[in-house]
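**Student:** structure, please.
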Amino acid sequence: MLGPTKLCPEGIGLIFLDLDDTIVIDGGRISPRVLDAVALARERGCVVCASTGRPLVMVPPVLRRPDVMDYLICSNGARTYDTARGLLSDRPMRAEQVLAAMDALEPLRPGWNAFAGEEAYFEWRGLSYMLTGRSRRILAPVQGGGMVRSRRVGGMARLVLKAMGLARRAVVGRAGMHQVWSVRPAVRAAADGVSKAGCTLSSPEACERAITILAHLGCFELARMAPTEIEVTARGVNKGTAVTWLIECLGEKASRAVAFGDSSNDLPLADACGLLVAMGNADEELVERAGDVCETVYDDGVARWIERAMAEADGGSRA
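**Tutor:** Predicted coordinates for the structure are as follows:
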């Protein structure tokens with residue numbers, strides 16, 4: 001265990017790491033400095049767990065190794081794994097619930113994805129950040145409200161075509177991942193339920209309408225991941241409830257848990273952990289709920305924060 005530190009007076013026994021835009025850059029790359037910091041924290045007695053919206057098949061292979069990560073919370077808390085022993089917990093939606101949600105949103109023509117067991121299905125018309133790591137660069141929030149086109153993008157049509165190409169290369173040829181015209185057959189065939197579903201809408205306004213419709217159904221947990229993207233899990237299933245369950249199983253204290261995140265599906269971690277650290281590139285809503293803010297994912301924010309915590313615990317300082 002690390003600590004104590006000023007922000008963690010009881011020390012740090014557990015570290016929970018979101019993936020995309022927290023330790024994973026642009027959909028796939030992880031900084032060696034981050035991996036080194038995680039390894040040092042584990043050597044000092046910390047339990048380290050990835051906490052992601054991705055299904056297991058989309059977690060980078062290096063993070064599935066027991067010598068790198070202790071646990072994996074996948075699909076926004078629907079499935080929890082011990083990297084050495086396999087699946088520990090499964091809390092899926094019933095297939096008929098997901099089909100009802102799809103029927104309710106059909107007039108909005110969303111593009112769907114669905115995770116059933118260890119299989120992930122993505123519709124061609126959908127564009128998920130998990131495939132490209134780039135959905136937030138289409139539209140970016142500005143201070144005072146509203147949305148603007150990112151200056152990193154030259155044109156919407158060119159970006160979409162590029163992202164669809166990236167998505168296809170990400171899916172084709174990877175075991176457990178399927179790009180399909182419709183996810184409905186896979187959902188119907190999911191006898192053990194659907195861990196998580198997601199949909200991409202044509203506009204922020206359509207996304208807001210979809211959230212209202214799904215909330216009215218009353219059986220889902222919703223996270224808006226981008227201006228036009230929603231993630232859906234069973235009611236009461238989110239990263240926070242999964243973290244709480246795992247902490248209890250380990251006989252640990254929530255006050256000794258630190259979580260890192262950047263977006264709305266990380267918000268439940270604020271109540272589940274003693275400290276939530278927002279990335280420098282995090283959504284404004286998460287920054288407001290967080291107890292601390294570190295550097296961006298591009299500046300190895302997680303690694304720098306862990307390094308500073310270790311140095312403080314040792315009575316020194318580190319940049």
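
**Student:** measure Ala234 to Asp36 for me?
**Tutor:** Note on Ala234: its distance to Asp36, by Cβ to Cβ, to the nearest Å, is 37 Å. C-beta here means a position set from N, CA and C on the backbone, and glycine is covered the same way.

**Student:** the more surrounded of the two?
**Tutor:** When neighbours are counted by other Cβ atoms under 10 Å, Ala234 and Asp36 differ, and Ala234 comes out ahead with 22 against 14.

**Student:** is it true that that one touches Asp90?
**Tutor:** No. Contact criterion Cβ atoms under 8 Å: Ala234 and Asp90 do not qualify, at 10.6 Å.

**Student:** okay, and the common contacts of the two?
**Tutor:** Ala78 (Cβ atoms under 8 Å, 6 or more residues apart in numbering).

**Student:** tally of neighbours for the closest residue to Arg188 other than its chain neighbours?
**Tutor:** Distance criterion Cβ to Cβ, 6 or more residues apart in numbering; nearest residue to Arg188, sequence neighbours excluded, is Ala95 at 6.2 Å. Neighbours of Ala95 under the rule other Cβ under 10 Å: 20.

**Student:** how far away is Ala95 from Gly236?
**Tutor:** Computed as Cβ to Cβ, the Ala95 to Gly236 distance reads 18 Å.

**Student:** check which helix or strand Leu40 maps to.
**Tutor:** Per DSSP states H and E: Leu40 is located in helix 32-43.

**Student:** contacts for that helix, please.
**Tutor:** Contact partners of helix 32-43, identified using Cβ under 8 Å, 6+ apart, comprise 2, 12, 15, 17, 23, 48, 62, 68-70, 300, 302-303, 306-307, 310.

**Student:** show me what counts as buried in it.
**Tutor:** Of the residues in helix 32-43, 34-35, 37-38, 41-42 count as buried by neighbour count, 16 or more other Cβ atoms under 10 Å.

**Student:** dump those into TSV; add pLDDT and distance to Met102 as well.
**Tutor:** Rendered in TSV, the data for the buried residues of helix 32-43 read as follows (pLDDT from 0 to 100; distance: Cβ to Cβ, whole Å):
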residue	pLDDT	distance to Met102
Val34	98	37
Leu35	98	39
Ala37	97	41
Val38	97	38
Ala41	96	41
Arg42	97	41
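
**Student:** how about the residues you listed in JSON lines, adding distance to His178?
**Tutor:** Compiled in JSON lines, the buried residues of helix 32-43 are given as follows (distance: Cβ to Cβ, whole Å):
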{"residue": "Val34", "distance to His178": "30"}
{"residue": "Leu35", "distance to His178": "29"}
{"residue": "Ala37", "distance to His178": "35"}
{"residue": "Val38", "distance to His178": "31"}
{"residue": "Ala41", "distance to His178": "36"}
{"residue": "Arg42", "distance to His178": "34"}
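
**Student:** ok, the residues you listed vs Gly193, which is closest?
**Tutor:** Within the buried residues of helix 32-43, the smallest distance to Gly193 is 31.6 Å, found for Val38 (Cβ to Cβ).

**Student:** what's the spacing between that closest one and Phe115?
**Tutor:** Between Val38 and Phe115 the computed distance is 25 Å (Cβ to Cβ).

**Student:** okay, domains of the protein per the record?
**Tutor:** 14-91+237-313, 95-234 (automatic domain parsing).

**Student:** pick the most buried one from these.
**Tutor:** domain 14-91+237-313 (a mean of 20; mean count of other Cβ atoms under 10 Å).

**Student:** in this protein, where is pLDDT below threshold?
**Tutor:** For the chain, the stretches flagged by pLDDT under 70 are 127-174, 316-319.

**Student:** please enumerate the helices of it.
**Tutor:** 32-43, 95-105, 129-132, 156-171, 184-188, 204-217, 239-249, 269-272, 284-289, 301-313 (DSSP state H).

**Student:** on that earlier part again, wait, doesn't the residue nearest to Arg188 sit right on Ala190?
**Tutor:** Yes. Assessed by Cβ under 8 Å, Ala95 is found in contact with Ala190 at 4.8 Å.

**Student:** what's near enough to touch Cys249?
**Tutor:** By Cβ under 8 Å, 6+ apart, the contact list for Cys249 reads Leu88.

**Student:** measure it to Arg224 for me?
**Tutor:** Taking Cβ to Cβ, one finds Cys249 at 30 Å from Arg224.

**Student:** please apply the same query to Val62.
**Tutor:** Val62 is 29 Å from Arg224, by Cβ to Cβ.
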